[in-house]
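Asks: next come a sequence and a model predicted from it.
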Amino acid sequence: MEKQTISKRLEDNVQYLSSVLPVEKSFDIIQRNMEIGGRKSSFYFIDGFTKDETMLKIMDSFFGITPEDMPEDGTAFATKCVPYVEVDILGDYDAILKNVLSGVTCLFIDGYETCVAIDCRTYPARSVGEPEKDKSLRGSRDGFVETIVFNTALLRRRLRDEHLIMEMAEIGKSSRTDVALCYMSDRVDEELLTNIRNRLEEIKVGDLRMNQQSLAEALYKRKQFNPFPKFKYTERPDTAAACLLEGKVVILVDNSPSAMILPTSIFDMIEEANDYYFPPITGIYLKVSRAIITILTVFLAPIYLLFMQNPQWLPKAFEFIKIEETVNVPLILQILILELAIDGLRLAALNTPSMLSTPLSVIAGIVMGEFSVKSGWFNSEIMLYMAFVSVANYTQPNFELGYALKFMRLILLVLTAIFNWIGFAAGCIVVILSICINKTLSGRNYLNVKLN
């Protein structure tokens, strides 16, 4: 849309906006005509975004303005006659349309070649309650919500520092989604910041329909064959504030209740807030135990399969782990079926009503666990190890990392089943290379080593 300046005649402005905005067709786009200081005026606003009590008080003050009190231009009018804090002067229709559709009330007055934008909007939002996924035992109980202004306020509340900068950008030709680039100017890596800022400016998309995920794909345009995530996400403002103090960059997207953190590494991915809310010894123990369990989720099932294919390698002390029962279904098929079944149960739990989730989970655990073994489909040892793996996936908070580890485990299992120990060794090399060559937006890999 070409930029077009505002006319002094109110009729021309109303005619243009009424031709662009579907005032007659869309019930929530409202035009309100009134008289201020003897001059005709017109309001444009979105129903549901405007604070009613605030607008009533502002309009009440407008009714008290006499023709003698009316200033000569819109800038003076906004300064002297608008009893509100967030007031701006707009001079072209493109900016006016953006503000109206964002919820800002725009006022046109006959004889003024400017538009007075009164930002008294309010967004529908849920409370800043603790995130369901990223919980803390002793930390704060607030979390990000879908409104970007609330999220920036949660960060500013924790970092009362003049070096905290929050740059606002607009991405998407249709959605015009607000994106906030947050960083500490005295701690951030300038090269990384410039790289991210340039990438944001170069994004040319119609909309960010999936909010943060759409932005992540637009920022990192390379084909992502590597399943390990390129970004770290958090729904906790205290975690985001801590990352800002470490010199990282935080990106907030409107309509998304999580923050995108850059740069990131494998060590950042397996961290969580509980590591810092406890004494150092306890925090170190939690980190080490989480790292060990994360490694076991990848290697436990493939190592067990390898030993079952080569039982002569087992020491006498561990001969009790051998499968003594009849194996009706090959072990690799048992494991793969259980991998698929676990994901099926997880997806079913997401769509199960909350009042039924607990009893159905108990029934599924008892029936499917007990009778699948008795029916001869699965061996009890395989059920035990896969149950451990499925539960251990939840020890680390990153959902994307959990599925990346799952894919690595599947590669190890298939290669081990086909090529025995040679396949296991090749799978280990694939896992290590996937971590080492996983290039993130900062140009570094998961081990924080610079890649060319």
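Replies: Yep, that arrived.

Asks: need the contact list for residue 206.
Replies: By CB atoms under 8 Å, 6 or more residues apart in numbering, the residues touching residue 206 are 172, 173, 174, 175. To be clear about C-beta, it is placed using only N, CA and C from the backbone, and glycine gets the same treatment.

Asks: which pair of those residues spans the longest distance?
Replies: Using CB to CB, the pair of these lying farthest apart is 173 and 175, separated by 7.9 Å.

Asks: which residues do those two both contact?
Replies: Residues touching both residue 173 and residue 175 (CB under 8 Å, 6+ apart) are 206, 207.

Asks: can you pick out the residue with more neighbours from these two?
Replies: Ranked by neighbour count (other CB atoms under 10 Å), residue 173 and residue 175 place residue 175 first, with 17 against 11.

Asks: number of residues surrounding the closest residue to the more buried one other than its chain neighbours?
Replies: Counting by CB to CB, 6 or more residues apart in numbering, residue 175 lies nearest to residue 207, which is 3.7 Å off, once chain neighbours are set aside. For residue 207, the neighbour count with other CB under 10 Å is 14.

Asks: so is residue 207 in a helix, a strand, or just coil?
Replies: Counting by DSSP: H, G, I helix; E, B strand; the rest coil, the backbone at residue 207 sits in coil.

Asks: picking that back up, format the contacts of residue 206 as JSON lines; extra columns: secondary structure, distance to residue 6 and pLDDT.
Replies: Formatted as JSON lines, the contacts of residue 206 follow (DSSP: H, G, I helix; E, B strand; the rest coil; distance: CB to CB, whole Å; pLDDT from 0 to 100):
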{"residue": "172", "secondary structure": "coil", "distance to residue 6": "25", "pLDDT": "86"}
{"residue": "173", "secondary structure": "coil", "distance to residue 6": "23", "pLDDT": "84"}
{"residue": "174", "secondary structure": "coil", "distance to residue 6": "24", "pLDDT": "84"}
{"residue": "175", "secondary structure": "coil", "distance to residue 6": "25", "pLDDT": "83"}
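
Asks: wait, is residue 242 part of a strand?
Replies: No - in this structure, residue 242 is helix, not part of a strand, as judged by three-state DSSP.

Asks: what sits against it?
Replies: By CB under 8 Å, 6+ apart, the residues touching residue 242 are residue 276.

Asks: kindly provide the distance from it to residue 392.
Replies: As judged by CB to CB, to the nearest Å, residue 242 and residue 392 stand 26 Å apart.

Asks: residue 195 too?
Replies: Noted for residue 195: a distance of 36 Å to residue 392, by CB to CB.

Asks: ditto for residue 12
Replies: 67 Å.

Asks: neighbour-wise, which of those two wins?
Replies: A direct count of neighbours by other CB under 10 Å for residue 12 and residue 392 places residue 392 higher, at 20 against 12.

Asks: so that one makes contact with residue 299?
Replies: No - between residue 392 and residue 299 there is no contact under CB atoms under 8 Å: 11.4 Å.

Asks: ok, back up a step: from the contacts of residue 206, which is closest to residue 18?
Replies: Closest approach between those and residue 18, by CB to CB: residue 174, at 21.1 Å.

Asks: ok, and the closest non-adjacent residue to the closest one?
Replies: Per CB to CB, 6+ apart, closest to residue 174 is residue 207, 4.4 Å.

Asks: so for the one you found, what's the pLDDT?
Replies: With respect to pLDDT, residue 207 scores 84.

Asks: also residue 354?
Replies: For residue 354, the model assigns a pLDDT of 68.

Asks: thanks a lot, see you next time.
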